[in-house]
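Participant: structure of the sequence below:
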Amino acid sequence: MPESTRFVTCGYCHVQLAIRHDGAAVFTEVLEELSTRTSNIENQLEAIRVENDLERIEREWEQKKQEIVGRGRNPPDRTEILWISLGLTVFCLVIAYQVNRRVFQPLPTLVLVAIPLVFLVFFRAQADLFDRAQSLYFRSRRRVFERSAQRFRPDERAEKPD
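Facilitator: Numbers count the residues shown, from 1 in each chain. Below you'll find the predicted structure:
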């Protein structure tokens, strides 16, 4: 066989072989095994990339969550916000009634009515911000999983063994 020949196919079993010349020795390698090893290494690298992406997304989410709700606190619950606002409104109206029993005083009354409204607006905005950030977090995770699933799908164009 000429020294320039690099690849051959076995006439008996149809396995593709790579011919290697190393000094005085000549040997062959089965190309399919090399391809399988390379594919395994690529799959392991992709798994590491996915794991790193997920860890980065988790770190960013935890940091964003702490910015929104504070360290060690639970995210705002809309139902809880409404009940607290309602209770605060009743409390402020009772105080406003007591303040205005003898003479109507508009400034304290306006302040007492505004307190629950400010509370409601502020905490609803915080809940909306948290919901948007959480939605972005879930979308980011889903994109990583979808990209990973596409990468690990078997190639439909590959030849099927007879």
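
Participant: now the element after the worst-scoring helix or strand of the chain on mean pLDDT, going C-ward?
Facilitator: Least confident helix or strand, the chain: strand 25-30 with a mean of 55, by mean pLDDT, DSSP states H and E. The element immediately downstream of strand 25-30 (helix or strand, assigned by DSSP states H and E) is helix 31-69.

Participant: that next one packs against which elements?
Facilitator: Judged by 3 or more C-beta pairs under 8 Å, 6 or more residues apart in numbering; DSSP states H and E, the packing partners of helix 31-69 are strand 16-22, helix 106-152. In short, each C-beta sits where N, CA and C put it, glycine included.

Participant: and that helix, which residues are buried?
Facilitator: Val50, Asp53, Ile57, Trp61, Lys64, Lys65, Ile68, Val69 (16 or more other C-beta atoms under 10 Å).

Participant: test my guess that the first one contacts Arg143.
Facilitator: Same thing as Val50. No: contact status for Val50 versus Arg143: not in contact, 10.9 Å apart, counting by C-beta atoms under 8 Å.

Participant: picking up where we left off before, return the member of the buried residues of helix 31-69 nearest to Ser148.
Facilitator: Ranked by distance to Ser148 (C-beta to C-beta), the buried residues of helix 31-69 are led by Val50 at 4.6 Å.

Participant: for the nearest residue to the closest one once chain neighbours are set aside, which residues are in contact?
Facilitator: Spatially, and ignoring its direct neighbours in sequence, Val50 is nearest to Ser148 (4.6 Å; C-beta to C-beta, 6 or more residues apart in numbering). Each residue near Ser148 by C-beta atoms under 8 Å, 6 or more residues apart in numbering is listed here: Glu46, Ala47, Val50.
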